[in-house]
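Chemist: Next one to model:
(one chain, ligands or ions: 2)
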Amino acid sequence: MSNLNHPLHTQYDAIADALAGPGFIILDGAFSAQLAQDLVALIGSKEVQLKRAGIGRADNFQLNDSVRGDVIEWLEPGAAAVTEFLSAMDKLREALNQRLFLGLCEYEAHFACYKPGAFYAKHRDAFRGKPGRKVSSVFYLNPDWDFAAGGELVLYDEAGSTELFRLAPECGRLVLFLSENFPHEVLPASRQRQSIAGWFRVKP
Ligand code: OGA
Ligand code: MN
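Modeler: Numbering: from 1, shown residues only. Ligands and ions are numbered 1, 2, ... in the order given. Next up, the predicted model:
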């Protein structure tokens, strides 16, 4: 299921096939270890000012502490690592449009940090037939993640009843899935859990 050390640009066909098929894909090594390391350094630095999630975005419909415990900051081009990440994801956006005719017009993403014990209850990133988020992405930024620490992403089938997979948030791992098709949740972890969550969107 995961492809080790195959840069993102060599994975476009595999990603398109996976999204058109099962609807999700897990990639390890799609970004260089250096880029992952630079993003880890950035999220831990003063340049990134994480705030409670859910304020100021019309489609961010879950604001409740009991639903979602992460702090976030939206990515803007600026720092070299962020610019490189966003530009790679934008090329993926174009590649997916060419292969799947999705009409994705933008990619938005935020750094997210879950303190120990924080979680994100089972939710959907988008609702079927509504404009907005079509493909979800999460890129994990946790070097030396210990499996015993928890913090997995759990993806469920459309009905939300059957677990499809449980994914440890290991540094360098990228997961992509169709936003409308998969309820999912973030389990609490015993240590801090960091990531970049992002969404490819269509125009409203
Ligand atoms: C989200 C989300 C999953 C993860 O931010 O909407 O579901 O593994 N994140 O961090
Ligand atoms: Mn989500």
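
Chemist: what's the neighbour count on residue 186?
Modeler: Per other CB atoms under 10 Å, the neighbour tally for residue 186 reads 26. Every residue, glycine included, has its C-beta placed from N, CA and C.

Chemist: which other residues reach the one helix or strand in the chain whose mean pLDDT sits lowest?
Modeler: In the chain, no helix or strand scores lower on mean pLDDT, DSSP states H and E than strand 51-52, which sits at a mean of 86. Outside strand 51-52, the residues that touch it by CB atoms under 8 Å, 6 or more residues apart in numbering are 71, 72, 73.

Chemist: Note down every partner strand of that strand and its orientation.
Modeler: Looking at strand 51-52 with DSSP bridges, its partner strands are strand 71-74 (antiparallel).

Chemist: average pLDDT across the helix or strand following the partner strand?
Modeler: Remark: after strand 71-74, the chain's next helix or strand is helix 80-100, criterion DSSP states H and E. Looking at helix 80-100 alone, the average pLDDT works out to 98.

Chemist: and this protein, which residues reach ligand 1?
Modeler: Contacts of the chain with ligand 1, taken as CB under 6 Å from any ligand atom, map to 112, 120, 125, 138, 153, 184, 186, 195, 197.

Chemist: need these in a markdown table with distance to residue 131 and pLDDT, can you?
Modeler: Output for the residues of the chain next to ligand 1, formatted as a markdown table (distance: CB to CB, whole Å; pLDDT from 0 to 100):
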| residue | distance to residue 131 | pLDDT |
| --- | --- | --- |
| 112 | 23 | 97 |
| 120 | 23 | 94 |
| 125 | 13 | 94 |
| 138 | 22 | 98 |
| 153 | 25 | 98 |
| 184 | 21 | 97 |
| 186 | 25 | 98 |
| 195 | 25 | 98 |
| 197 | 19 | 98 |
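
Chemist: Among those, which one has the most neighbours?
Modeler: Neighbour counts for these (other CB under 10 Å) peak at residue 195, which has 28 neighbours.
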